[in-house]
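Colleague: Fold the following.
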Amino acid sequence: MTGASIDAIHSSRSAAHRLPQPAGIQEAGKQEIAMMENTFNLSGKSALVVGGSSGIGNGIARAYLERGATVHVWGTRACAADYAGEAGSNLDGLCYAQVDVSDADALTRFEPSFTELDILVLAQGAVKYRRQEFEIESFRHVVDVNLNSVMHCSLRFFEMLKRSTGSIIIISSIGAYKSVKGNPAYAASKAGLLGLTRTLGDAWGAEGVRVNAIAPGMVATKMTAVTTAHPDRRQAALDTISVGRFGTPEDMAGVALFLASPLASYITGQTLIVDGGRSL
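Modeller: I've put the predicted structure just below:
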C-alpha cells in the first residue's frame, strides 16, 4: 500500500469521526450522562459521618455535601471553630457536634439534631505509637474507638436506617489483613471490623440496611504523618504501592459515594480494598 493510500485512509477515518452522530445516539448519550449524575445525586438525603472532622471522614463528608446531602459530622473537639485552619479539616457547610464515641454512656445520652438518616459513615479511628498499644489501657482505648464504638453507633442508628433502607459504610484498613508490628490493638480492631461488616451485612440485609466497609492503604492524613512526613519512611512506603503515590481522602470518598449509591444496591457485607495495589 502506498503512502498516499495510507494518508487517504487516515483522512477518511478522521472525517468519519467528525461526522455528526445520529440524533438518537446523541440523545442516548445525554440520557446516560444524566442517569449517572442522578445516581450520585444525594439531594434530600441525610448523612452522618462519625470522625468527619478531618482526614478520610472529612473527605467523605465533603463529597456528600457537594452532591446535595445534609451532612452531620461528629468529632472530639468542642466546636467546629477549633478545627479552623487545620490541614485536612474543612467543616464549612457541615453540621458539627462533639461526641466521644469511645464513651458508650456518653453516646447513649447524646441526642442528635436529626430524626432521619440515610447514610451512616463510621470513620472514627485511633492509633497509639511507640509501643503504647502493648499497654493494656492503650489497647482498650484503641479497640473501644476502632471497633466497639462502630457497633454501638450502628445499633444507635439502625432504626433510622431501617426506615430509609439506608447504608452503613465502615472505614477499616488493609491492616486488617496483615501484621501491624507495633500496633496490636489497631490490627486487632481493624480485623474485627471485617467480621463485623460481614455479620451485620448478613443480619440486616433482610431489614433493608446494607453494611459495607472500605479498607484504605496508606492515605496521607495527620494519622499517617509519622510515615508520610518522614523522608525515609515515606519512600519506603511509596516503594510498596503499585500506583506510586499515597491515597487521598478524595480517593476514599469516591468509593464511599459508590457504596451509598443505587449502583451498590446488591452489595452488602463486603470490604473493598482501596490501597493503590499496596497489598498485592
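Colleague: Just the pLDDT at the closest residue in space to residue 205 that isn't next to it in sequence, thanks.
Modeller: If you skip the residues right next to it in sequence, residue 205 has residue 268 as its closest partner in space, 5.1 Å away by C-beta to C-beta, 6 or more residues apart in numbering. C-beta here means a position set from N, CA and C on the backbone, and glycine is covered the same way. In this prediction, residue 268 carries a pLDDT score of 99.
Colleague: surely residue 164 meets residue 118?
Modeller: Yes - Residue 164 is in contact with residue 118 according to C-beta atoms under 8 Å; the separation is 4.7 Å.
Colleague: who has more neighbours, the two?
Modeller: Just comparing residue 164 and residue 118: by other C-beta atoms under 10 Å the higher neighbour count belongs to residue 118, 21 against 15.
Colleague: The more buried one reaches residue 161, doesn't it?
Modeller: Yes - when contacts are counted by C-beta under 8 Å, residue 118 is listed as touching residue 161 (7.5 Å).
Colleague: Overlap of the contact sets of these two?
Modeller: With contacts defined as C-beta atoms under 8 Å, 6 or more residues apart in numbering, the residues adjacent to both residue 118 and residue 161 are residue 167.
Colleague: Alpha carbons of stretch 198-211, as CSV, please.
Modeller: Listed next in CSV are the C-alpha coordinates belonging to stretch 198-211 (Å, rounded to 0.1, in the frame of the first residue of the first chain):
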residue,chain,number,x,y,z
ARG,A,198,-19.9,-9.4,57.2
THR,A,199,-22.1,-10.3,60.1
LEU,A,200,-24.1,-7.0,60.1
GLY,A,201,-24.5,-7.1,56.4
ASP,A,202,-25.9,-10.6,56.7
ALA,A,203,-28.1,-9.9,59.7
TRP,A,204,-29.6,-6.6,58.5
GLY,A,205,-29.8,-7.3,54.8
ALA,A,206,-33.4,-8.5,55.1
GLU,A,207,-34.2,-5.3,57.0
GLY,A,208,-33.1,-3.2,54.0
VAL,A,209,-29.9,-1.9,55.6
ARG,A,210,-26.7,-2.6,53.7
VAL,A,211,-23.4,-2.7,55.6
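Colleague: residue contacts, the residue nearest to residue 205?
Modeller: By C-beta under 8 Å, 6+ apart, the residues touching residue 268 are 201-202, 205, 210-212.
Colleague: who wins for most neighbours among the residues you listed?
Modeller: residue 211 (27 neighbours).
Colleague: Run through the strands of the stretch 101-250 of the chain in chain order.
Modeller: Counting by DSSP state E, counting those that start in this stretch, the stretch 101-250 of the chain has these strands, from start to end: 119-122, 167-171, 210-216.
Colleague: name the helices or strands packed onto the last one?
Modeller: What it means is strand 210-216. Here strand 210-216 touches strand 167-171, helix 184-204, helix 249-260, strand 271-274, going by 3 or more C-beta pairs under 8 Å, 6 or more residues apart in numbering; DSSP states H and E.
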